[in-house]
Structures are given as structure tokens and as C-alpha cells.
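Participant: Just a sequence and a predicted model for now, questions to come.
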Amino acid sequence: MDEMLLVGVLVLLVLGGIGVLIMHNAPEVEDPAQLCVFAVLPVTDATPRTEALLRYYAAQTAWMDAEVLRCVLLVYPPEDAETEALCRDMAREYSTFRAVPLPEAQALMAEKCRQNSAPS
């Protein structure tokens, strides 16, 4: 009986030690204000099919963890008022969407590329 108790205590000590090592060696999480996890989704028209597809994507991204995906940029052509209206409506309805015109999306991507290529 004493041997079983000793084995049980040793197993608990080993598991506790492994847990402490994992917690101690966990990677540092970036500052949430600095972390920007996003996807870019070009929207080319304002048809009902496109709206249904956007609602499908919204349903898929709603359950994701913020570390996986925080924002979906709905990129629309600046000269298309109907597509812009659809993207803005979707962004109001779903918190993971953000409506962005193409030139703004290009500038954002260029800035992110500059930040990632700069030496640390």
C-alpha cells in the first residue's frame, strides 16, 4: 500500500513539474494593441450571391479565437457605390468585418510589409 502511495505522489510531482515547465517556457504574447491578425477579402459586386457568401464567412469567423483572426477587410472598388454600400452594411452588422476601399487596403498592406521587413 505504501508503494502505491509513493508511486502516486511521484506521478503527481512529475506532472506538476511538467506543468510548471510548460507555463514558464510559454511564448510571450505580443501586446494586444500591437497585434493585428486580419484577412483580406476582395468584394467585386453587390449581388445577393455575394451577400450570402459574406454572411457565410461572417458565421465562420464568429467562432474563431482572436489570435487566429481578428478582422476581415472587405475591400471594395472605390468607384462602385453598390458594392461599397454592401461592404459598409456588412461591417455594421458583423464586428469582424471592416469595409475598406482598395487604395486604403493597398496602403495598409504596404505599411504592414514595411513593418515586417524592418530589422528588429
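Facilitator: In hand now; what should we look at? Residues are numbered from 1 along each chain as shown.
Participant: Was I right to think residue 42 contacts residue 72?
Facilitator: No. Contact criterion Cβ atoms under 8 Å: residue 42 and residue 72 do not qualify, at 11.1 Å. The C-beta positions use only the backbone N, C-alpha and C, and glycine is treated the same way.
Participant: In contact with the residue positioned nearest the centre of the chain, which residues?
Facilitator: Computing the C-alpha centroid of the chain and ranking residues by Cα atoms, centre = their mean puts residue 69 first, at 1.1 Å. Residue 69 makes contact with 37-39, 61, 96, according to Cβ atoms under 8 Å, 6 or more residues apart in numbering.
Participant: And the helices in this structure, which stretches?
Facilitator: For the chain, the helices defined by DSSP state H cover 2-24, 48-62, 81-93, 102-117.
Participant: Adding mean pLDDT and mean neighbour count, write those out as a markdown table.
Facilitator: A markdown table is the format used below for the helices of the chain (pLDDT from 0 to 100; neighbours: other Cβ atoms under 10 Å):
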| stretch | mean pLDDT | mean neighbour count |
| --- | --- | --- |
| helix 2-24 | 68 | 9 |
| helix 48-62 | 89 | 13 |
| helix 81-93 | 94 | 16 |
| helix 102-117 | 84 | 11 |
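Participant: chain center to stretch 104-120: distance?
Facilitator: 17 Å (Cα atoms, centre = their mean, to the nearest Å).
Participant: ok so, going back, among the contacts of residue 69, name the least confidently predicted one.
Facilitator: Among those, residue 37 has the lowest pLDDT, at 68.
Participant: if we can go back for a sec, who has more neighbours, residue 42 and residue 72?
Facilitator: residue 72 (21 against 12; other Cβ atoms under 10 Å).
Participant: pretty sure the more buried one contacts residue 43?
Facilitator: No. Under the criterion of Cβ under 8 Å, residue 72 makes no contact with residue 43, lying 10.4 Å away.
Participant: how far does stretch 42-53 stretch from start to finish?
Facilitator: For stretch 42-53, the first-to-last residue distance is 12 Å (Cα to Cα, to the nearest Å).
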